[in-house]
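Trainee: using only what follows, build the 3D model:
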Amino acid sequence: MEEVVSFINGIIWSKALIFLCLAAGLYFSARTRFMQIRGFVEMCRLTVQGEKSEAGVSSFQALAMSMAGRMGIGNIAGVATAIAFGGPGAIFWMWVMGFLGASTSYVECTLAQIYKTKDAEGRYRGGPAYYIEKAMGLKWYALAFAVATIIAAGFLMPGVQANAIADSIINACRGGALCGPLDGQFMGLESVQALKLGIGVVVSLLLAVVIFGGVKRIANFAEVVVPFMAAAFILMAIVIMIINYDRVPDMFHTVFSSAFGAHAAFGAMMGLAVEWGVKRGIYANEAGQGTGPHAAAASEVSHPAKQGYVQAFAIYFDTMMVCTATAFLILAAGTYNVYSPVPGGAPVFAGLAGVAEGAGYAQAAVETVLPGWGAGFVAIAIFFFAFTTIMAYYYMAETNLTYVNNNAKRPLTVLLLRLGIIGMVIFGAFHNAGMAWALGDIGVGLMAWLNIIAILIVQKPAMLALRDYERQKKLGLDPTFDPDALGIKNADFWRTRKLELSRSE
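Mentor: Down below sits the predicted model:
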């Protein structure tokens, strides 16, 4: 089974997908005239402003929901694995992916807003499946993406997050901070396996409470938790960098030199640095993957470009702040290993003997500041990162299930999806990390292939929306959207909204 999964993963995550992610980001940056630079102040302003209604959530809530999806275990364990297999230079390529990915995120999230609709319960729904059908006119392609997302977000990707929660708690327990030694057996299972199973059950029960509460509860929960957990984690990274201030200059030199093959130890790993930087970069910030548009479509805004700006900011925050914080605390503390690109070869760098790649690197780094408690602190951070991501995965899967059901209210299919994702959380927590990551990578890669190709084809409405937004801003207006004036077809929600507003005046 593992060999089959590894084979499929290798095909999906070939160098072609790495090139596609980078090329699409560079292309969209040029097409938008690097809006991620020109519009940075506007991104920040729109993040804290925005409308709200019974049908939709505020811009900040939509940002929090999308950040809940973006800020998962990829921000901690993903960064650590990028360093382990690609060397410190992988961090530079994660930055590149984040910078270029901001424009990609603008395009996909603006398209989601333009082509959003309302479901049977009057809530906003949207995402790649919706804009693929309405802008491309290819129902089969839209259904393919919707089904792929239901499988990926509902069954393949949650296991990675649950597994990371369980492993980080196990690491903390072994450090003696949260519980005693893990010896003996419990109910016929080794203590470690029994604890992982118990963790999976607890996480699944907590998830059930949230997802049975509906989309609004997801938004409300994410709005509170996401900023708090990110701020706490970044603060800890800053503290570690201050304590290890003498290592900071060398750390930057190592990152940049190894990114371009100039470092004495890591120079031969440049190709792997690019591969793992892009691979884990898109896993962490999800730019182009097609996940962010689902939350973007749920926002109440007067112009689609507003949410495009907000979601571009989400990429910056995720990559430049949270992923960078993880990388710096690991590199500054020196608590990492870099494996040889030659199978069976000696490690290129061994700063943490006996610790597998993943969250353990970050936990060991924080242990240098909080002996006996650092691993527990990171375990708590990972729980919030991963748990909110699982919630976001459920929302994406539910949105695409709604699309497959033609926006009809079918409670049985929703119930089966909820039970399925709850079951996969238990499965992921209990089983090995290698399988969990491989399945998650397949889900991420499959969605990225389908979505990036689609937005390259249907990008024009997003570009028209950007020009229109900038034109209205120059006139001193609060931009509003009129698809007919821009020649955009099938934007039914916005056309109906325009008619309703004209009748009320």
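Trainee: the strands in the stretch 51-200 of the chain, which residues?
Mentor: For the stretch 51-200 of the chain, the strands defined by DSSP state E, counting those that start in this stretch cover 117-118, 124-125, 185-186, 189-190.
Trainee: ranking those strands by mean pLDDT, which is last?
Mentor: Among the strands of the stretch 51-200 of the chain, strand 185-186 carries the lowest mean pLDDT, at a mean of 48.
Trainee: show me the shaky parts of this structure.
Mentor: In the predicted model, the chain carries pLDDT under 70 at residues 49-71, 174-191, 214-226, 262-268, 342-346, 407-409, 501-505.
Trainee: element containing residue 399?
Mentor: Secondary structure from DSSP states H and E places residue 399 in helix 374-404.
Trainee: which stretches in the stretch 351-500 of the chain count as helices?
Mentor: 359-367, 374-404, 411-430, 433-457, 460-474, 483-486, 492-504 (DSSP state H, counting those that start in this stretch).
Trainee: and the angle from the second one to helix 411-430?
Mentor: Using axes from the mean of the first three to the mean of the last three C-alpha atoms, to 10 degrees, the inter-axis angle of helix 374-404 relative to helix 411-430 is 150 degrees.
Trainee: can you check the fifth one too?
Mentor: Interaxial angle, helix 460-474 versus helix 411-430 (the same axes, to 10 degrees): 90 degrees.
Trainee: output the contacting helices and strands for helix 460-474.
Mentor: helix 89-114, helix 304-316, helix 483-486 (3 or more C-beta pairs under 8 Å, 6 or more residues apart in numbering; DSSP states H and E). Yep, even glycine has a C-beta here, placed from its N, CA and C like the rest.
Trainee: hmm, try it at 7 Å
Mentor: Counting contacts by 3 or more C-beta pairs under 7 Å, 6 or more residues apart in numbering; DSSP states H and E, the secondary-structure elements packed against helix 460-474 are helix 89-114, helix 304-316.
Trainee: turn those helices into CSV, columns for mean neighbour count and distance to residue 12.
Mentor: As requested, the helices and strands packed on helix 460-474 are arranged in CSV below (neighbours: other C-beta atoms under 10 Å; distance: least, C-beta to C-beta, whole Å):
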stretch, mean neighbour count, distance to residue 12
helix 89-114, 29, 17
helix 304-316, 29, 22
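Trainee: I'd like to know which of these is closest to residue 468.
Mentor: Checking the helices and strands packed on helix 460-474 against residue 468 by C-beta to C-beta gives helix 304-316 as the closest, at 7.3 Å.
Trainee: could I get the CA-only coordinates of the closest one as PDB?
Mentor: The C-alpha coordinates for helix 304-316 follow below in PDB (Å, rounded to 0.1, in the frame of the first residue of the first chain):
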ATOM      1  CA  PRO A 304     -14.500  41.000  -5.700                       C
ATOM      2  CA  ALA A 305     -11.000  42.500  -5.800                       C
ATOM      3  CA  LYS A 306     -11.300  43.500  -2.200                       C
ATOM      4  CA  GLN A 307     -11.200  39.800  -1.100                       C
ATOM      5  CA  GLY A 308      -8.500  39.200  -3.700                       C
ATOM      6  CA  TYR A 309      -6.300  41.800  -1.900                       C
ATOM      7  CA  VAL A 310      -7.100  40.300   1.500                       C
ATOM      8  CA  GLN A 311      -6.200  36.800   0.500                       C
ATOM      9  CA  ALA A 312      -3.000  38.000  -1.100                       C
ATOM     10  CA  PHE A 313      -2.100  39.400   2.300                       C
ATOM     11  CA  ALA A 314      -2.800  36.000   3.800                       C
ATOM     12  CA  ILE A 315       0.000  34.500   1.700                       C
ATOM     13  CA  TYR A 316       2.400  37.100   3.000                       C
END
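Trainee: coming back round to it: so which of the helices of the stretch 351-500 of the chain is the most surrounded?
Mentor: Per-stretch averages of neighbours, counted by mean count of other C-beta atoms under 10 Å, single out helix 359-367 among these, with a mean of 28.
Trainee: ok now that one, how far from the chain's centre?
Mentor: Its chain's C-alpha centre and that of helix 359-367 lie 21 Å apart, by C-alpha atoms, centre = their mean, to the nearest Å.
Trainee: and what of stretch 39-52?
Mentor: 20 Å.
Trainee: what does stretch 102-120 give?
Mentor: Centroid separation for stretch 102-120 versus its chain: 16 Å, with C-alpha atoms, centre = their mean.
Trainee: what's the answer for stretch 2-18, then?
Mentor: Computed by C-alpha atoms, centre = their mean, the chain-centroid distance of stretch 2-18 equals 20 Å.
Trainee: can you give me the buried ones in it?
Mentor: In terms of neighbour count (16 or more other C-beta atoms under 10 Å), stretch 2-18 has its buried residues at 5, 8, 9, 12, 13, 17, 18.
Trainee: list of residues touching it?
Mentor: Stretch 2-18 is contacted from outside by 274-275, 278-279, 435, 438-439, 441-442, 445-446, 448-449, using C-beta atoms under 7 Å, 6 or more residues apart in numbering.
Trainee: farthest-apart pair in the residues you listed, please.
Mentor: Pairwise distances across the contacts of stretch 2-18 peak at 25.8 Å for 274 and 435 (criterion: C-beta to C-beta).
Trainee: residue 290 is in contact with residue 444, correct?
Mentor: No: with contact defined as C-beta atoms under 7 Å, residue 444 does not count as touching residue 290 (9.8 Å).
Trainee: measure residue 228 to residue 388 for me?
Mentor: In this structure, residue 228 lies at 11 Å from residue 388, with C-beta to C-beta, to the nearest Å as the measure.
Trainee: next, the angle from the helix holding residue 399 to helix 359-367.
Mentor: 140 degrees.
Trainee: let's have the chain start at 807 instead
Mentor: Shifting the count to begin at 807 puts that one at helix 1180-1210.
Trainee: buried residues in whatever helix or strand residue 832 lives in?
Mentor: Assigned by DSSP H and E, residue 832 falls within helix 821-837. Of the residues in helix 821-837, those scored as buried under the neighbour-count criterion (16+ other C-beta under 10 Å) are 823, 824, 826, 827, 828, 830, 831, 833, 834, 835, 837.
Trainee: between that helix and helix 1239-1263, how big is the angle?
Mentor: Using the same axes, to 10 degrees, helix 821-837 lies at 40 degrees relative to helix 1239-1263.
Trainee: picking up where we left off before, from the buried residues of helix 821-837, which single one is nearest residue 954?
Mentor: Nearest to residue 954 among the buried residues of helix 821-837 is residue 823, at 14.4 Å by C-beta to C-beta.
Trainee: how much space separates residue 835 from residue 1090?
Mentor: Here the criterion is C-beta to C-beta. By it, residue 835 lies 19 Å from residue 1090.
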